[in-house]
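Visitor: any chance you can model this:
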Amino acid sequence: MSVKAFLEKARPLAAGSQILKFVTGNQSADMDSVVSAIIYAFFYNKHFPDKVPYLPLINIPQDELRLRRDIELLLNSHGISAKHLVFIDDLKRLLEGTSKVLDLVLVDHCNLQGQELIALNKANRLKVTGIIDHHADEGAFLDANPRIIQSNGSCSALVYNYWTNEQGESAPTEVAKLLLGPLLIDTSNMTQKVEEGDIKAFSSYKKVLEGEVQALGVENDLINGLYKQLKSAKKDLNGYSFYDILRKDYKQFAFTSPTGTVNVGFSSLGKSIKWITNNFTAAEIASTLDTMCHNFGLDIIVITTSYTKKENDEYTREFCFSTTGTRFAPLASFADALVLNDDIYGGASVKEKVLLVNKHRPFEVYNQVNIKASRKQVVPVVKDIIEGGKLN
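Guide: Take a look at the predicted model:
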């Protein structure tokens, strides 16, 4: 059975069961999360054909899939579209007026993300039964089985390794092709953040695809071609508003400070602040930050950027944040691990635009010298600052 055929068969079953079984990725709903959820559900159904299937749950509203052109490109190449998937707004409709409960497997995160799922958990209508993740262990749901949390470039590789190595499943060619996408994106075509689990999965994918390609090294046209296509689609922001860009790769956390809960949103961008200030006015930037904080009840919004400067191929990261509370204003001064300074790409012109934004609301922008610290590392840094009481 193809992945598409599985989704077509399984999706209608969601409405007919008292216990809804879902596999969900994290709130950013990036390619790794989406494919990890789809493939876990596919392998579960293949391994347990007589049991109620798990369905992939995409942890964003359906209309936000359009912001993820790389995911749409990959899924469409396998005949999969939004109609084959369940989104967080679909879940609301499935649960409305019922006492149904969720059996939930988490992939690409190890604690609940998103207001809807957190609320269901508080209402005792949700049980996390499994976790496969490559982020820092948050110590939640210790009785989950499987509970695999280990460092790796791509979570999808861990999902694949679990089902093929521990459960003895075999991967069809189509599945290997689908899994190549997030692995190549997350490891920059197997050149960065590559760990043992990635190498193991990549080797297996190439063996599965042996019948289709002759050369299986890094020069392989299939692999390089897929990576270039997906990377180009991921970086394509044409037609997006600044709000769209902030929502494209977004996560939200509630941290507990000594004086109460602090809600922090984290938007990850593949463009520089220079690009942002060249494409949007100061008023647009400020009003969008206002809207994000209002819509999601944020005390702080953090923006992390990562990009390569065209003129010298220098890989660069930036750390930015906005808050209306003076209490949180010193945030950057405590983020020693990020090694921040004011050597902003674009220099004086960018700083002038940032000053204009600050006439509307506080907005701080820093060059991040520690380029190894992606959002995966930035979130714990901010969490420690807030929960350690440094901003009180």
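Visitor: what residues are up against the nearest residue to Ala201 once chain neighbours are set aside?
Guide: Distance criterion C-beta to C-beta, 6 or more residues apart in numbering; nearest residue to Ala201, sequence neighbours excluded, is Ala157 at 3.6 Å. Every residue, glycine included, has its C-beta placed from N, CA and C. The contact partners of Ala157, by C-beta atoms under 8 Å, 6 or more residues apart in numbering, come to Leu179, Leu183, Gly197, Asp198, Lys200, Ala201, Phe202.
Visitor: could I get the CA-only coordinates of whatever helix or strand Ala157 lives in as CSV?
Guide: Per DSSP states H and E: Ala157 is located in helix 155-161. Backbone C-alpha positions of helix 155-161 (Å, rounded to 0.1, in the frame of the first residue of the first chain) are rendered in CSV as follows:
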residue,chain,number,x,y,z
CYS,A,155,14.1,13.1,13.7
SER,A,156,12.6,11.3,10.7
ALA,A,157,15.8,9.2,10.5
LEU,A,158,15.1,8.1,14.2
VAL,A,159,11.5,7.2,13.3
TYR,A,160,12.7,5.1,10.3
ASN,A,161,15.5,3.4,12.4
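Visitor: and Lys193, how close does it get to Asp249?
Guide: In this view, Lys193 and Asp249 are 16 Å apart by C-beta to C-beta, to the nearest Å.
Visitor: and Pro53, by the same measure?
Guide: Per C-beta to C-beta, Pro53 is found 29 Å from Asp249.
Visitor: phi and psi next, for Lys21.
Guide: Lys21 has phi and psi values of phi -110, psi 120 when expressed as degrees, to the nearest 10.
Visitor: I'd assumed Leu57 was in contact with it.
Guide: No - with contact defined as C-beta atoms under 8 Å, Lys21 and Leu57 do not form a contacting pair (9.6 Å).
Visitor: joint contacts of these two?
Guide: Here Lys21 and Leu57 share the contacting residues Leu104, scored by C-beta under 8 Å, 6+ apart.
Visitor: these two: who's more crowded?
Guide: Between Lys21 and Leu57, counted using other C-beta atoms under 10 Å, the more crowded position is Leu57 (25 against 21).
Visitor: bridging residues for the more buried one?
Guide: For Leu57, the beta-bridge partners are Thr24, Val86 (DSSP bridges).
Visitor: can you pull out the low-pLDDT segments for this protein?
Guide: Scanning the chain with the threshold set as pLDDT under 70 gives 14-15, 211-220.
Visitor: by residue count, tell me the biggest helix in it.
Guide: Using DSSP state H, we find that the single longest helix of the chain is helix 31-47.
Visitor: dump that one to PDB, restricted to CA.
Guide: Below are the C-alpha coordinates for helix 31-47, written out as PDB (Å, rounded to 0.1, in the frame of the first residue of the first chain):
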ATOM      1  CA  MET A  31       9.300  19.100   6.900                       C
ATOM      2  CA  ASP A  32      11.000  16.900   9.600                       C
ATOM      3  CA  SER A  33       7.900  17.100  11.800                       C
ATOM      4  CA  VAL A  34       5.400  16.500   9.000                       C
ATOM      5  CA  VAL A  35       7.200  13.600   7.400                       C
ATOM      6  CA  SER A  36       8.000  12.000  10.800                       C
ATOM      7  CA  ALA A  37       4.300  12.000  11.700                       C
ATOM      8  CA  ILE A  38       3.300  10.500   8.300                       C
ATOM      9  CA  ILE A  39       5.900   7.800   8.300                       C
ATOM     10  CA  TYR A  40       5.400   6.800  11.900                       C
ATOM     11  CA  ALA A  41       1.600   6.400  11.200                       C
ATOM     12  CA  PHE A  42       2.400   4.500   7.900                       C
ATOM     13  CA  PHE A  43       4.700   2.000   9.600                       C
ATOM     14  CA  TYR A  44       2.400   1.500  12.600                       C
ATOM     15  CA  ASN A  45      -0.500   0.600  10.200                       C
ATOM     16  CA  LYS A  46       1.800  -1.700   8.200                       C
ATOM     17  CA  HIS A  47       3.100  -3.400  11.400                       C
END
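Visitor: now do the buried residues in it.
Guide: For helix 31-47, the buried set under the neighbour-count rule, 16 or more other C-beta atoms under 10 Å, comprises 31-46.
Visitor: and the residues you listed, which is closest to Asn392?
Guide: Ranking those by separation from Asn392, with C-beta to C-beta as the measure, puts Ser33 on top at 33.8 Å.
Visitor: and Lys193 and Asp249? which has more neighbours close in?
Guide: Neighbour totals were compared for Lys193 and Asp249, and Asp249 leads with 20 against 17 (other C-beta under 10 Å).
Visitor: dump the residue contacts of the more buried one.
Guide: With contacts defined as C-beta under 8 Å, 6+ apart, the neighbours of Asp249 are Ser28, Asp30, Ser267, Ser268, Leu269.
Visitor: can you give me the domain assignment for the chain?
Guide: With the TED database serving as the domain definition, the record reports that the chain contains domains spanning 3-234, 242-388.
Visitor: for the ones you listed, which one ends up most surrounded?
Guide: Ranked by mean neighbour count, those are led by domain 3-234 with a mean of 19 (mean count of other C-beta atoms under 10 Å).
Visitor: what about that one, start to end distance?
Guide: Distances were taken as C-alpha to C-alpha, to the nearest Å; on that basis the terminal residues of domain 3-234 are 23 Å apart.
Visitor: no further queries at this time; thank you.
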